[in-house]
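# I'll drop the sequence and a predicted model, then ask my questions.
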Amino acid sequence: GDFVTLYSSLSGGCSQVGAGLSSQVTGSGWTSGRISVLKGLSDIEGYHTQGGGGVTIPEELLKWNGWGYNDSKFIFNKKGQAEFTGKRYRLGGMVLPTFKEWIEKTFGASLEHKTTSRASLNVNDVPPSIVNEEFLQDLRATKISYSQDAEDRVFRAHGHCLHEIFVLREGMFKRIPDIVVWPVCHEDVVKIVELACKHNLCIIPFGGGTSVSSALECPEEEKRMIISLDTSQMNRILWIDEKNLTACVEAGIVGQDLEKQLAESGFCTGHEPDSMEFSSLGGWVATRASGMKKNIYGNIEDLVIHIKMVTPRGIVEKNCQVPRMSTGPDIHHFIMGSEGTLGVVTEVTIKIRPVPEYQKYGSVVFPNFERGVACLREVAKQRCAPASIRLVDNAQFQFGHALKPQVASIFTSFLDGLKKFYITKFKGFDPNILCVATLLFEGDREKVLQHEKQVYDIATKFGGLAAGEDNGQRGYMLTFVIAYLRDLGLDYYVIGESFETSVPWDRVLDLCRNVKERIVRECKEKGVQFAPLSTCRVTQTYDAGACVYFYFAFNYRGISDPIHVYEQIERAAREEILANGGSLSHHHGVGKLRKRWMKESISDVGLGMLRSVKEYVDPNNIFGNKNLL
Amino acid sequence: MYSKELTSKKRDEFEDILEERRLSSDLRYAMKCYTPVIYKGLSPCKPNAIKSAVLQSEQVQYVIKQLAKEMGESPDIIQEEATEILDEMGHRMQLGAVRFFAFTLSKIFKQLFQRVCVNEEGMQRLQHAIQEHPVVLLPSHRSYVDFLMLSYLLYTYDLALPVIAAGIDFLGMKIVGELLRRAGAFFMRRSFGGNRLYWAVFAEYVKTMLRSGYAPIEFFLEGTRSRTAKTLTPKFGLLSIVMEPFFKREVFDTYLVPISISYERILEESLYAYELLGVPKPKESTSGLLKARRILSDNFGTIHIYVGQPVSLRTLASGRINRCPYNLVPRHLPQKPSEDIQEFVSDVAYKMELLQIENMVLSPWVLVAAVLLQNLPAMEFELLIEKTLWLKGLTQTFGGFIEWPDNLCAKKAVLSGLTLHSNIASLVDGHVVLNDKGMEDGAVGELVFRHALAVLMCATYRNQLLNVFVRPALVAVALQMAPSFRKEEVYSCFSFLRDVFSDEFIFFPGISLKDFEEGCFLLTKCDAIQTSQQEIYPTDKGSGTVSFLSAMFRPFVEGYQLIFRYLSKEMKEAFTEKQFIPAVRNFVFQLLEKGSTQCYEALSSDMQKNALSALVQLGAVKKKKMPNGLIYNVNQEAVSKILDMFDDSADAIPEHNEFLFPEYEILIEPEEPESPADNNEDEQGAEDTSKDAKEQEKLGAAGVADETFQSLDEETLEAMAKHETEEEKIFQMFKKQVAAEPEQIIRYCRGEGGPLWVSGENRPEEKDIPNCVCGAKRKFEFQIMPQLLNHLQVDSLGESIDWGTLVVYTCANSCGGANEYLEEFIWKQDYSMGCTI
């Protein structure tokens, strides 16, 4: 319970095209264990199981119309206080006394005005399955599990964009997959792709389903049968090579499982996108994902040693697993970021590292955002960034503060007051202007402490004030919890979303200010009655620039078509980013949501280059999710 | 660009800020608590901090390093130079100086002006704008008073004093210059094109001020004071500097605030007139200003300051500049703006000037001046009042912003204008005359000069009207220029005029057609013209309006022609502007002395420069940059061609439309089968062959003044209807004959055929036609058809002159010598009754 309450990701999850909601959770501790075949499932038409492996039904454990686990969510308890349920997270079961007030103040929302999602999927609304009988016969012959069940199909018809969740709560998708297949290995995928080519069908690979770029939405005009290829059963670590520190892993494995299983051997990948509980390795590759600790371990493009992908043309792979090669443009770069348009990634060899000996969190308060950015820039310049360093603006600081759980004792409360006094009165920080950086150090103990000192010394030069380890840790813990918040907002007429960009250092401040201002202004123009929450944080530092994450949310009472308004504002914000010299996306990807800006982003010729690859690899557009191009 | 709802545009009310000054202590006012609202993101800093920020900025440092490298000089020396530039330029605002100014200006303004009227709502909008985003004030520039007044105004309303980009000439005024600087002004050299260091320091200084939101930036789009009260074409340099922070997204938005400052009487009016006539203006010096105190005893009427709606640069740019061109180059590197951006800057500049024009207040005197200039040398007072009142209505229809004191009768308004401007015009024996009689005993040259001076001073006021009138008026001029009323032809004339006058008046670039439609719309609105699918033609009652409008712009049409003529005939060699101005002035002067032109305004150096620059833009004159300045080369053929565009038609606009009919060319063609073969060789053969069967004929029907523009009344309509029903045979025949060539205005057939009668009634007997003075019989030669009435624009029934046909009988023997006039006989036949000779 420190004064500076921090949190991190507000994101509705990193964007993994294809990463699986079907968290095939194994290992100990975290989840309630392996999900097994639903009772009597084989009696229900449409379910076919194959000897040996069981079909996992993730719907049972995960929300069908929101983020994450069913048992974990924000609620208002009988006393009207906010609370986070479940036992999965550290915040679980805690009461958040100031949160209600924050919501009311920030959004003008009121607990009396509530909208509720319908309780369950109405199967009658679901578009009927288009069936190619010949394919189905061929498929049965392969013994690969599949389902034509409405719930399974709807489950794989969307990612986690706001409009998708909104549709789940209140409407229905116009087009959804016609069949879901569960290959268990590379060879299964080869068979499925061959059959799809033979019968000219459409395949949309599905990993963890955490996409936030509309990448999983089925093109409405697709007349062919759409196969959702769910990679969740391809979740094994095939081998670990300790000499070269690499591991070959099936692409369907979900982030937290990968880390847990590697940890059993004393290793880790260190790749931790905010969605790592649910997103899959294949999805990371398909979107060019970025992890929180990229400063030590690198982004996905730095981690990947070898990729095996099944395409309509055949299998693409390299002849060796080497750190670097000069053999023309790297074909991995056609695959990474291809967003499911070229084929299915089946196996990935990825770099691994020994699990770090020591981890230490930290946090720094800055008098204002400008100083904070200047400090991050200096840290980047000296190339001494810790595993993670993030800077949140004042609005997010306030927000984090509002998520502070009830204090355990009078003593902490007293301490709180003392700290507040010290920071605001003694040091002259304005609580309405100050901002906070959270830090995570990793490595051997001695080096971590040395490193820590170096970073804090720099911070001091920029007026920074160390604000404790707890704050840092809480900040990162909250990363996983905050994704649940949108579902609460939706219940009270508040809609929101996050988006990200990368930008050169000299434009970071201008971009942050202008995009936030643009959002406020657009909301006003579009008739939004309460000032929106428009806030940002710098989440990654590079030599030449930074990754900036925005979050915006508003109360939509009084607006007849909130999703449309929301989309207009989001679009305006993206225009603003581009005008300020920011990129179309740092790691969420393009999907269908940001396609319109691709030409502007990579030029006509650049787009043509990508198109020609697509035309060669997949001339019949079997991988027809229409992303990117 | 232009709103169709010109007249219904709501404008704010004015408030006299001097009123309170007259009632309370100036000292207390000057010492009042001054805590201006500031930009929300502002972190306060001292002028010195700004200066060092500018010096240390990447932009300036980059240029310093570049220059050091190029010149082999040490960067320190150049840095030193930059510091000096900054010292010379930089403002250093001190509250003491501000208070001193507030006090002094209160005193001075109260002396000089009756009222200083401000739209308070505009000030409130400005106050909001200043807090939201950086603000750029863009006032019109007619007088040195402009920026003094604006600073005074902002102080009065407790707003941050603007930082002014003013010409460095002020630095000549030692004390005042220093005071101005302490009050917040900063200075730029008039021209520093070549000096990269100066440009870099200056640009960075302005941008730093803007980005920090430290104070509003103020500068004049027109670049200099307009000597003619017409809005000058905008300069783009400063505007693109202040827009750059937005293009680079260093600020979220920038507000551009157009401010219209109009003077009932301009302080520098006579100075300007001298200057335009080539008498050099006194350099701004403190002693000059002290001498100017003489004018303190004079009265300069009312000032109106209209602070326009702040225009968001972001809104202007949305959809215009999509991809930020600055993304791929570090923002501190000097970069030539892309064509897109240059075009955008120019559009914004014009838009801002048009907004200034829109809210420029026009005093009654402006109307008086416009009327008076069309009725020189003297005009009957009562008539002047009547026309002024009529013009008031027209101006309002056109969206002009007239400030006519409530319930003030026209006579009083005109009189008060005459009193205020007694140096320009006065009332003598019930007539209003220009005051140009100061040197009656002087030489001819001096008389011309005196008269020119008076005309130019008077024109300064009329010119204020031109900004508003230019679009409809050029349509009116085009109507008279065009060979027919066909829309395309009128438009092409309009377009030509618009191009020629592109430096003379403010047109938004590239929307010629829209301007044309705007002009037509306004003329239709005041019933001056009617439009059909193909044609645009003046209405009966509108002919007065149309001719008034074209007369209003005649000085420009004629002046340009004179100047073009001079260039096409006399300027054989390359010349500089310095040579051109006196030479063309001399040329015009001589013509005026000889009395072969009346166009005194062609003496104005402003018009001369504009005409030259129009030719440069039209490609008829080549401009070359030489080490010693600009050199011009005339393509005589091209200038002649342009001149022909005028001469073909514009020359035909008569001198004084109130009394003269418009001029036309008559096309003569033989009539086909039924009519007897024409044989006109004996009369006009020589000319016909030489001019290809065309004949130039002047139809100078002087004296048929047509001052009645009322519409048809009921009686006339009834009479017409009755006539229709009594259609008689002869009229049928007449119609049939005419149908072959419906637009004919003259039928010529000497001797045989006899006229084509319009009616059976009232045909002359043989005895009715008197013999010629030589004793010979008169016989029919030609007849004038009623269609001519259309062209003379006097075809309103019952009101204008009218005829069915006019039949001319001439001596059968063709008596008389070569060059003398002879009396002939004319028979007038009307449609129904009545016959007069």
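Right, received. Where do you want to start?
# From here on, just use CA atoms for contacts and neighbour counts.
OK.
# tell me the domain ranges of the chain?
Because you didn't say which chain, this covers chain A. If you go by the TED database, the domain ranges for chain A are A:237-354, A:358-580.
# Correction: the question concerned chain B.
Each domain of chain B, as a residue range, per the TED database: B:46-102+B:121-259+B:308-359, B:479-648, B:727-829.
# Endpoint to endpoint, the first one covers what distance?
Okay, so that is domain B:46-102+B:121-259+B:308-359. Domain B:46-102+B:121-259+B:308-359 has its terminal residues 36 Å apart, counting by Cα to Cα, to the nearest Å.
# Who's the closest spatial neighbour of residue B:573, skipping the chain neighbours?
Of all residues not flanking residue B:573 in the chain, residue B:633 sits nearest, at 6.8 Å (Cα to Cα, 6 or more residues apart in numbering or on different chains).
# which secondary structure elements does the helix or strand where the one you found lies contact?
Assigned by DSSP states H and E, residue B:633 belongs to strand B:629-634. If you count contacts as 3 or more Cα pairs under 8 Å, 6 or more residues apart in numbering or on different chains; DSSP states H and E, strand B:629-634 packs onto helix B:577-594, strand B:621-626.
# can we see that at 6 Å?
Secondary-structure packing of strand B:629-634 (3 or more Cα pairs under 6 Å, 6 or more residues apart in numbering or on different chains; DSSP states H and E): strand B:621-626.
# So which bits of the strand it packs on are buried?
B:621-623 (16 or more other Cα atoms under 10 Å in any protein chain shown).
# Could you look up the SS state of residue A:326?
coil (DSSP: H, G, I helix; E, B strand; the rest coil).
# and the gap between the residue in the stretch 101-250 of chain A positioned nearest to chain B and residue A:553?
Nearest residue of the stretch 101-250 of chain A to chain B (Cα to the nearest Cα) works out as residue A:106 at 20.7 Å. Distance from residue A:106 to residue A:553, counting by Cα to Cα: 10 Å.
# For those two, indicate the residue with more neighbours.
residue A:553 (21 against 18; other Cα atoms under 10 Å in any protein chain shown).
# which element is residue B:329 on?
Counting by DSSP H and E, residue B:329 is part of no helix or strand.
# same question, residue A:554
Under the criterion of DSSP H and E, residue A:554 resides in strand A:545-555.
# That strand and chain B, any residue contact?
No - residues of strand A:545-555 contacting chain B under Cα under 6 Å from any Cα of the partner chain: none, with a closest distance of 12.9 Å.
# the helices in the stretch 51-200 of chain B, which residues?
B:58-71, B:75-89, B:95-112, B:120-132, B:145-156, B:174-182, B:196-212 (DSSP state H, counting those that start in this stretch).
# Could you export the third one as PDB, keeping only the C-alpha atoms?
By that I understand helix B:95-112. Taking C-alpha atoms only, helix B:95-112 is exported to PDB below (Å, rounded to 0.1, in the frame of the first residue of the first chain):
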ATOM      1  CA  LEU B  95       5.500  46.400 -17.600                       C
ATOM      2  CA  GLY B  96       6.700  50.000 -17.000                       C
ATOM      3  CA  ALA B  97       6.900  50.700 -20.700                       C
ATOM      4  CA  VAL B  98       3.600  49.100 -21.200                       C
ATOM      5  CA  ARG B  99       2.000  51.400 -18.600                       C
ATOM      6  CA  PHE B 100       3.700  54.400 -20.100                       C
ATOM      7  CA  PHE B 101       2.300  53.500 -23.400                       C
ATOM      8  CA  ALA B 102      -1.100  52.900 -22.100                       C
ATOM      9  CA  PHE B 103      -1.100  56.300 -20.500                       C
ATOM     10  CA  THR B 104       0.300  58.200 -23.500                       C
ATOM     11  CA  LEU B 105      -1.800  56.400 -26.000                       C
ATOM     12  CA  SER B 106      -4.900  57.100 -24.000                       C
ATOM     13  CA  LYS B 107      -4.100  60.800 -24.300                       C
ATOM     14  CA  ILE B 108      -3.200  60.700 -27.900                       C
ATOM     15  CA  PHE B 109      -6.100  58.500 -29.000                       C
ATOM     16  CA  LYS B 110      -8.600  60.700 -27.200                       C
ATOM     17  CA  GLN B 111      -7.200  63.700 -29.000                       C
ATOM     18  CA  LEU B 112      -7.200  62.100 -32.400                       C
END
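# Show the contacting residues for residue 158.
As the question left the chain open, I've gone with chain A. Residue A:158 sits next to A:216-217 when contact means Cα atoms under 6 Å, 6 or more residues apart in numbering or on different chains.
# you looked at the wrong chain, it should be chain B
Counting by Cα under 6 Å, 6+ apart, the residues that residue B:158 touches are residue B:36.
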